[in-house]
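Peer 1: Predicted coordinates and the sequence they were generated for:
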Amino acid sequence: MPKKGLLMDGVETKNLGDLDSGTEISQPAAQIKLLADWAYENLPAQSITTESDIKLQNRREQALHEFEEELQNPESNFHKFVIWVQNFLNDYSRGKMYDEDKPLLDLCRGYKFNINTEQAARRGWAGPVHSFDEFIDGGIDEQKIWYLVRALRINNGYSEYLQGDSQTEFIGFTDGNDYIDKDYTNIKDVTTEVFGKDLLKKCAISEVSLLSDTVNVQLGQEEFFLKTEDYLKLKQMSREIAPDINIADYKYRAFSDQNWNDPKSGYNFFPTPIRLLKIIDEDLDDKNKFPYLNGFDEAEKTRLYKLGTLFHDIGHHIYFYLLDSQKEIQWQALINKSGHLTNYSSRYSSGIAGDKVKYDEEFSEAIRIYITNPKFLIDNYGDIYKFLETNFPDINPLKTV
Ligand SMILES: [Zn+2]
């Protein structure tokens, strides 16, 4: 019987969503604070969450609630399942195996364990963990039992989702029949054409929404969703009171939340949204920053960068759902050899990820370039191109070059 209170042990509740900014971690803190204070005082009252966040947070809390309710109900299948998993793990770690344990063992062996060294260390396991046998290595404890229960439950939800007929919705791109931003014209068809219906379904994206006049800026712990005009005011003020920071570096361009289905924080599977914010104030002409946009005309650079931001975030979903342990190991070896693919991923790694390579960030950048300028990848990162072409033959790069 699971003990009461056991549930929350080892459960991380913080937001594990991906934040795409490239913000450096060594922020000149005093100037950041000055600027955040100024924004609070002088700009119109801003919401610190979007509606989408709230909806997702509600879903997540509901999932936790359901998880706890089922757990308390000794008649529920879930309750029986938890006990089955516990007994199975106990048997397995003692070197015993019964016939009724076999299906669970198969399920566990088929499950994609991708726990990096850092995550494993936080749980007191030896890492990295890529397979059930590595997971079980060193014995079992309550954290492992709960990890596995959540993993199998989420996996089950994902399988059910794949059998259903829900599709990714595209929200906020049109006003009547007109596209608000012509760079996103026919965005649903374009995206479906690029990834294919089947692959897109496996990415489990509930919706792609465009917040077309919203600039997201995060200053220290403070988060602002600003109208364009307010962003420009903030930028103007930053030159005066925070000359050491470049406000454009604190901008977030998109959010994805596929990590909420990671068993280290999730309880139930649900498809998650991608939110695109306004793209503004980018140095797309900077050849060092954006070498893969070099050679396109002004308008095309902007269009490809906007679409590329969506493709990048879909890339996170592909990495999360579709790169199995073996492929992930291959991918990491390729990146170790090639180094950072873009200025963005290099800044991301030296910032938020604190010098550690964020392999999924590199992967998302690779997907962006593979689709928007495959020739750049062929010419500069042939192995990476080959990896994507071989493993994701369904992806059709845009015909841009
Ligand atoms: Zn990213």
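Peer 2: Received it, and whenever you're ready, just let me know what you need.

Peer 1: what about the nearest residue in space to Leu293 that is not next to it in sequence, distance to the ion?
Peer 2: Nearest non-adjacent residue to Leu293, counting by CB to CB, 6 or more residues apart in numbering: Lys301, 4.7 Å away. The C-beta positions use only the backbone N, C-alpha and C, and glycine is treated the same way. Between Lys301 and the ion the computed distance is 20 Å (CB to the ion, to the nearest Å).

Peer 1: What is the neighbour count of Lys301?
Peer 2: Look at Lys301: counted by other CB atoms under 10 Å, it has 19 neighbours.

Peer 1: Let me see the ranges of the helices in the stretch 251-400 of the chain.
Peer 2: Here the stretch 251-400 of the chain has its helices, by DSSP state H, counting those that start in this stretch, at 298-322, 325-338, 343-350, 359-372, 374-380, 382-391.

Peer 1: Would you single out the least confident of these?
Peer 2: Note on the helices of the stretch 251-400 of the chain: lowest mean pLDDT is at helix 343-350, with a mean of 76.

Peer 1: What is it packed up against?
Peer 2: helix 359-372 (3 or more CB pairs under 8 Å, 6 or more residues apart in numbering; DSSP states H and E).

Peer 1: The helix it packs on packs against which elements?
Peer 2: Using 3+ CB pairs under 8 Å, 6+ apart: helix 359-372 touches helix 298-322, helix 325-338, helix 343-350, helix 374-380, helix 382-391.

Peer 1: Just send those helices back as CSV, with distance to Trp125 too.
Peer 2: Formatted as CSV, these follow (distance: least, CB to CB, whole Å):
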stretch, distance to Trp125
helix 298-322, 20
helix 325-338, 16
helix 343-350, 24
helix 374-380, 36
helix 382-391, 28
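
Peer 1: Which of these sits closest to Asp183?
Peer 2: Judged by CB to CB, the one of the helices and strands packed on helix 359-372 that comes nearest to Asp183 is helix 298-322, at 4.3 Å.

Peer 1: Would you convert the helices of the stretch 251-400 of the chain into a markdown table that also reports distance to Arg60?
Peer 2: Formatted as a markdown table, those follow (distance: least, CB to CB, whole Å):
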| stretch | distance to Arg60 |
| --- | --- |
| helix 298-322 | 16 |
| helix 325-338 | 25 |
| helix 343-350 | 25 |
| helix 359-372 | 21 |
| helix 374-380 | 36 |
| helix 382-391 | 31 |
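
Peer 1: tell me the most buried of these?
Peer 2: helix 359-372 (a mean of 26; mean count of other CB atoms under 10 Å).

Peer 1: mind giving me the domain ranges of the chain?
Peer 2: 59-163, 282-401 (automatic domain parsing).

Peer 1: can I get those in CSV with distance to Asn177?
Peer 2: Below are these laid out as CSV (distance: least, CB to CB, whole Å):
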stretch, distance to Asn177
domain 59-163, 31
domain 282-401, 20
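
Peer 1: Relative to Gly220, which of those domains is closest?
Peer 2: Nearest to Gly220, of the domains of the chain and by CB to CB, is domain 282-401 at 13.3 Å.

Peer 1: quick one: that closest one to chain centroid distance?
Peer 2: Distance of domain 282-401 from the chain centroid (CA atoms, centre = their mean, to the nearest Å) equals 14 Å.

Peer 1: ranges for the strands of this structure?
Peer 2: All strands of the chain, identified by DSSP state E, fall at 18-20, 169-171, 174-175, 178-179, 205-210, 215-219, 222-226, 251-252, 254-256, 272-276.

Peer 1: Kindly reformat the ones you listed as CSV containing mean pLDDT and mean neighbour count.
Peer 2: Converted to CSV, the strands of the chain look like this (pLDDT from 0 to 100; neighbours: other CB atoms under 10 Å):
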stretch, mean pLDDT, mean neighbour count
strand 18-20, 45, 21
strand 169-171, 97, 16
strand 174-175, 96, 12
strand 178-179, 97, 12
strand 205-210, 96, 22
strand 215-219, 90, 24
strand 222-226, 88, 19
strand 251-252, 90, 22
strand 254-256, 91, 25
strand 272-276, 94, 24
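
Peer 1: could those be laid out in TSV, adding distance to the ion?
Peer 2: Shown next, in TSV, are the strands of the chain (distance: least, CB to the ion, whole Å):
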stretch	distance to the ion
strand 18-20	4
strand 169-171	20
strand 174-175	26
strand 178-179	25
strand 205-210	14
strand 215-219	14
strand 222-226	17
strand 251-252	10
strand 254-256	7
strand 272-276	11
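
Peer 1: can you list those in CSV and add distance to Gln163?
Peer 2: Putting the strands of the chain into CSV (distance: least, CB to CB, whole Å) gives the following:
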stretch, distance to Gln163
strand 18-20, 27
strand 169-171, 19
strand 174-175, 30
strand 178-179, 33
strand 205-210, 16
strand 215-219, 35
strand 222-226, 36
strand 251-252, 34
strand 254-256, 23
strand 272-276, 18
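
Peer 1: Thanks again, I'm all set now.
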